[in-house]
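> Output the structure for:
(chains A, B, C and D)
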2 protein chains.
Amino acid sequence: MENAVSTDSTLSNLNERSQQLFKVLVEQYISYGQPVASKSLSNDEQINLSPATVRNVMADLEDLGLIISPHTSAGRIPTAQGYRLFVDNLVTVKPLRGQAVDKLRIELGIDDSQEALITRASSMLSGMTKMAGVVTIPRREAVILRHIEFLQLTSNRILVILVVNEQEVQNRVIHTERAFTDSELTQTANYLNQEFMGKDLSLIRQSVLDSMKQERDDMQHIMKMAIQMTDNVVADQNDDDFVMAGQTNLMDYAEMANMEKLRQLFDAFNAKRDVLHVLDKSIQAEGMQVFIGEESGYSAFDGCSVITAPYKVSEEVVGVLGVIGPTRMAYDKVIPLVDVTAKLLGSLLSSE
Amino acid sequence: MENAVSTDSTLSNLNERSQQLFKVLVEQYISYGQPVASKSLSNDEQINLSPATVRNVMADLEDLGLIISPHTSAGRIPTAQGYRLFVDNLVTVKPLRGQAVDKLRIELGIDDSQEALITRASSMLSGMTKMAGVVTIPRREAVILRHIEFLQLTSNRILVILVVNEQEVQNRVIHTERAFTDSELTQTANYLNQEFMGKDLSLIRQSVLDSMKQERDDMQHIMKMAIQMTDNVVADQNDDDFVMAGQTNLMDYAEMANMEKLRQLFDAFNAKRDVLHVLDKSIQAEGMQVFIGEESGYSAFDGCSVITAPYKVSEEVVGVLGVIGPTRMAYDKVIPLVDVTAKLLGSLLSSE
DNA sequence: AAATGGCACTCTTGTGCTCCGAGTGCTAAT
DNA sequence: ATTAGCACTCGGAGCACAAGAGTGCCATTT
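Modelled structure (predicted):
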């Protein structure tokens, strides 16, 4: 994890007891949402210390920047740094019971189309956590051409239909300088289909470019179009998309009461760019990620945590899913849920 | 308009002066968002009455249910009923200057694809009003077949690609009982293309059903599929969709400060159903509509007004667009804006 | 030396009170 | 019919005060 170093060095400043105390404090705060007082910790059955002693420890924790006091006569709440330490080293995740996993699998499994599956995964994440769920549309590295077809619309507009990866249909209108006859179009399509069916688009692009050097001039233009088209498709893959559900759940949290902040958050959701960027980090890390508060680098997300996990189809990472909620969330439950959902989604997509 | 009767009968209870007074009151409230006091009205240059006289009139207006006082020592604000009267009979709309219309046209015109056009229209509505804009995806009554194509995926899954209305591409996977050969599929596609290109889908459906009675059994199955497909396309048209922009603008209005209400509103936006239903009313009325507060029949929209206008492609209504904002909005400016945008969008879609 | 009891101190929260200003409704005068 | 005048109501701001929650620190205990 990125903050491992600083987190670990902080950790080495803490003896067993302080860690335990801190852990309980975070857990209590997560449960009740109120600043935690020394007395309240002292009452905890896991802790056999007087409030006064607890206060001494808390003072240390505060010096280390793990907790902070909203005001003199309030208890302490964890800082972003505190959450980081908690999540990286202290949280005891509560794995889902097998039964619950089965339930998830069944609920997810009832959809057949890929799109429905993604949507459902997203709304399940949101439903189970009462926060916002997000799932990216899967993107395979390889884009395999299955079929290409040209259709003349008007004299200088041609509709290109491209079937890739089993059943994704892409289409785009291309403007040409001169009119083509139907037979020219059919011929070109046939050529491309015979030559390149089953091949990867990026390979095709290269081949076509090469062959254009010796090809007769006639075809040049239409070939260029095909190239252009494949570029478009590949580009489309990049500004990929995600499905989000349960954004409005976030409105129910007290920490989101600030309308200005809430608006920034929802704007970020709509603009997609920032969310996408955060999700991207997770796909690159190839493992579960927890972003706490502004760590993600976007001010819209401060006060929020994002928990993500990439999902795989046949050993290849094709997407990410996750949950977005207030920093004060039940990490112990959400982390395994995201983990399991990613695995389930991957396996369901593979078996499709 | 639906409430014309009750509105008119209220109107007949009001003399010229009361109407004028009421109109100014609503205008002031819309401008400043504060309850309007008798003194404030009396100061207005259009009104030459003492505060005391104004108070007498206001008392009448209150008896008629047009205005209400939040508490004793506050001014008056319009009720939903009051807004209704104002919008139906009193508002002086401020038509957009020709220059502004040109600007709109140019900004809208820079997009070429239909989808981009719709999206842009929606965000322009939201941008200009600082409220939420909404535009339904256009739906033509007639669905003209341009091209159909079958593509075998696996032995019992066939991908049907349908090009309709110039450049909309629809596709769907159909499960079959037996495998078809490529030539069977090509043959069927050719047959359908030759026979039905340029025809309306619903006609095709009927023709195919008829011809199936005498056609050889072989084709039966694949024909059924084609029917099924066209049904799907038509059905898709019905559970139509809209594009919304600027929802978050609404968060900035004081009247939306209640988180619970806000959530209901956003939930309604996400569920789409209620919004769609309100928009539907407008498409049926074939003219501009103003829904005030709960008039729309959905509690999620109370405190909000929805202003809609249908838009036409070659004389036929194909969609609706509109603006959603707080009941307290500048009707005099928003109404003409929605009107003009609908006309512009219609003409741009026609000329595509 | 570590843990704790005790205590002074700080800060928030809630309550009750007063005062002021805004606006109304009514009545009597024009 | 209009208006001036006036009593009345209500919300909001300001203030003082008490109660309660927690802390920090020191002196004491273990």
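
> Spatially nearest residue to A:G246 (excluding sequence neighbours)?
A:S126 (2.7 Å; CB to CB, 6 or more residues apart in numbering or on different chains). In this view, the C-beta of every residue, glycine as well, is placed from N, C-alpha and C.

> Kindly report the same for A:G293.
With CB to CB, 6+ apart, the residue lying closest to A:G293 is A:A80, at 4.0 Å.

> Next, the contact list for that neighbour, please.
Going by CB atoms under 8 Å, 6 or more residues apart in numbering or on different chains, A:A80 touches A:292-295, A:327.

> Which of these sits closest to DNA strand C?
A:T327 (19.6 Å; CB to the nearest atom of the strand).

> Beta-bridge partners for A:I158, please?
For A:I158, the beta-bridge partners under DSSP bridges are A:Q152, A:I174.

> tally of neighbours for the residue nearest to A:G246?
23 (other CB atoms under 10 Å in any protein chain shown).

> Mind listing what's buried along the strand or helix carrying it?
Per DSSP states H and E: A:S126 is located in helix A:114-129. Using 16 or more other CB atoms under 10 Å in any protein chain shown as the test for burial, helix A:114-129 gives A:114, A:117-126, A:128-129.

> tell me the domain boundaries of chain A?
A:4-90, A:98-139+A:240-350, A:145-238 (automatic domain parsing).

> List buried residues within the contacts of A:A80.
Using 16+ other CB under 10 Å, the buried members of the contacts of A:A80 are A:292-293, A:295, A:327.

> Going by distance to A:V163, which of those residues wins?
Of all the buried ones among the contacts of A:A80, A:E295 has the smallest distance to A:V163: 41.6 Å, by CB to CB.

> Tell me if I'm right that that closest one and A:R84 touch.
Yes. The pair A:E295 / A:R84 is scored as a contact, 7.5 Å apart, by CB atoms under 8 Å.

> Give me the pLDDT value at the residue in the stretch 1-150 of chain A that chain B sits nearest to.
Residue nearest to chain B within the stretch 1-150 of chain A (CB to the nearest CB): A:H147, separated by 5.5 Å. With respect to pLDDT, A:H147 scores 86.

> what angle do the helix or strand harbouring it and strand B:145-154 make?
Using DSSP H and E, A:H147 maps to strand A:145-154. Interaxial angle, strand A:145-154 versus strand B:145-154 (axes from the mean of the first three to the mean of the last three CA atoms, to 10 degrees): 180 degrees.

> which strands and helices sit next to strand A:145-154?
strand A:157-164, helix A:182-196, strand B:145-154 (3 or more CB pairs under 8 Å, 6 or more residues apart in numbering or on different chains; DSSP states H and E).

> Of those, which stretch is the most buried?
Across the helices and strands packed on strand A:145-154, the average number of neighbours (mean count of other CB atoms under 10 Å in any protein chain shown) peaks for strand A:157-164, which reaches a mean of 21.

> can you map out the strands along chain A?
For chain A, the strands defined by DSSP state E cover A:67-68, A:77-78, A:132-136, A:145-154, A:157-164, A:168-175, A:242-245, A:289-292, A:304-313, A:316-326.

> hey, least reliable of the ones you listed by pLDDT?
strand A:168-175 (a mean of 78).

> hang on, A:F291 packs against A:V278?
Yes. Taking CB under 8 Å as the definition, A:F291 is a contact partner of A:V278 at 6.1 Å.

> so what's the residue in the stretch 101-250 of chain A positioned nearest to DNA strand C up against?
Closest approach of the stretch 101-250 of chain A to DNA strand C (CB to the nearest atom of the strand) occurs at A:L250, with a separation of 22.8 Å. Contact partners of A:L250, counting by CB under 8 Å, 6+ apart, are A:131-132, A:256, A:262, A:265, A:324-326.

> how about 7 Å then?
Residues near A:L250 by CB atoms under 7 Å, 6 or more residues apart in numbering or on different chains: A:131-132, A:256, A:325.

> Quick one: closest of the helices and strands packed on strand A:145-154 to DNA strand D.
strand A:157-164 (60.1 Å).

> Quick one: list the elements packing against that closest one.
The contact analysis (3 or more CB pairs under 7 Å, 6 or more residues apart in numbering or on different chains; DSSP states H and E) places strand A:157-164 against strand A:145-154, strand A:168-175, helix A:217-238, strand B:157-164.

> between that strand and strand A:168-175, how big is the angle?
Going by the same axes, to 10 degrees, strand A:157-164 makes 160 degrees with strand A:168-175.
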